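What follows is a protein structure lacking sequence information:
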């Protein structure tokens, strides 16, 4: 049996800020043969974010190829299907942030549905990371509440399509599905 057949895919890794979810997701991908693909959804808009990105790239090392993809995630994942490499998407929450700031609620929900449709047929090692934002306080403004609601909706829909879901709390992975 290959490593690909031993691990359920796609796999959603959820957690709060600084919970260890990205490190755990990287360890899942590292269980496959390299090279690996890291799909980064963050936009680097300031020096502090640039420094964070640099540290993450250094930690991953040279076996990881990074593809920056702030918005067109499903199209990127479709192209990567042809390369048959293990892929880590980090993170869906930042992807949603980019979508919600650039389009309507309906368009954002359509992007989520397109991603879910793709996940139903994903046939390569794929790990997706997302923040679990529902544990926090209710935002005090309409945009914050809209974002929280969209993130919760996306996490539910993506989790339903994934073969495995893990919640990471304080660096401890807690399997929820698969």
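Sure thing, it's come through. Nothing here was measured: the structure is a model prediction, and the numbers come from that model. Residues are numbered from 1 along each chain as shown.

CA atoms for contacts and neighbours, from now on please.
Fine.

Flag every buried residue along the host helix or strand of residue 118.
With elements delineated by DSSP states H and E, residue 118 resides in helix 105-120, which encompasses its position. Using 16 or more other CA atoms under 10 Å as the burial criterion, the residues of helix 105-120 that qualify are 108-109, 111-113, 115-116, 118-119.

Switch those residues over to CSV; also include pLDDT and distance to residue 149.
Compiled in CSV, these are given as follows (pLDDT from 0 to 100; distance: CA to CA, whole Å):
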residue, pLDDT, distance to residue 149
108, 93, 12
109, 95, 11
111, 96, 15
112, 97, 13
113, 98, 15
115, 98, 17
116, 98, 17
118, 97, 22
119, 98, 21
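
Dump those to a markdown table, plus distance to residue 175.
Conversion of those to a markdown table gives the following (distance: CA to CA, whole Å):
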| residue | distance to residue 175 |
| --- | --- |
| 108 | 28 |
| 109 | 27 |
| 111 | 27 |
| 112 | 23 |
| 113 | 24 |
| 115 | 22 |
| 116 | 21 |
| 118 | 23 |
| 119 | 19 |
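
End to end on stretch 130-140, go ahead and measure it.
Stretch 130-140 has an end-to-end distance of 22 Å (criterion: CA to CA, to the nearest Å).

how many neighbours does residue 79 have?
Using other CA atoms under 10 Å, residue 79 is surrounded by 10 other residues.

Quick check: it vs residue 67, distance?
When residue 79 is compared with residue 67 (using CA to CA), they lie 12 Å apart.

again, but for residue 167
Applying CA to CA, one obtains 25 Å for the distance of residue 167 from residue 67.

again, but for residue 133
Residue 133 is 25 Å from residue 67, where distance means CA to CA.

of the two, who's got more company?
It is residue 133, of residue 133 and residue 67, that has more neighbours when counted by other CA under 10 Å, with 19 against 13.

For stretch 85-96, which outside residues touch it?
For stretch 85-96, contacts defined as CA atoms under 8 Å, 6 or more residues apart in numbering pick out 22, 25-26, 29, 32-42, 70-71, 73, 108, 124-131, 147, 150-151.

In strands only, show me those residues.
Secondary structure assignment by DSSP state E places 36-40, 126-131 of those in strands.

Compile those residues into JSON lines and extend it with columns for pLDDT.
Output for the ones in strands among the contacts of stretch 85-96, formatted as JSON lines (pLDDT from 0 to 100):
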{"residue": "36", "pLDDT": "97"}
{"residue": "37", "pLDDT": "97"}
{"residue": "38", "pLDDT": "96"}
{"residue": "39", "pLDDT": "98"}
{"residue": "40", "pLDDT": "96"}
{"residue": "126", "pLDDT": "97"}
{"residue": "127", "pLDDT": "98"}
{"residue": "128", "pLDDT": "98"}
{"residue": "129", "pLDDT": "98"}
{"residue": "130", "pLDDT": "98"}
{"residue": "131", "pLDDT": "96"}
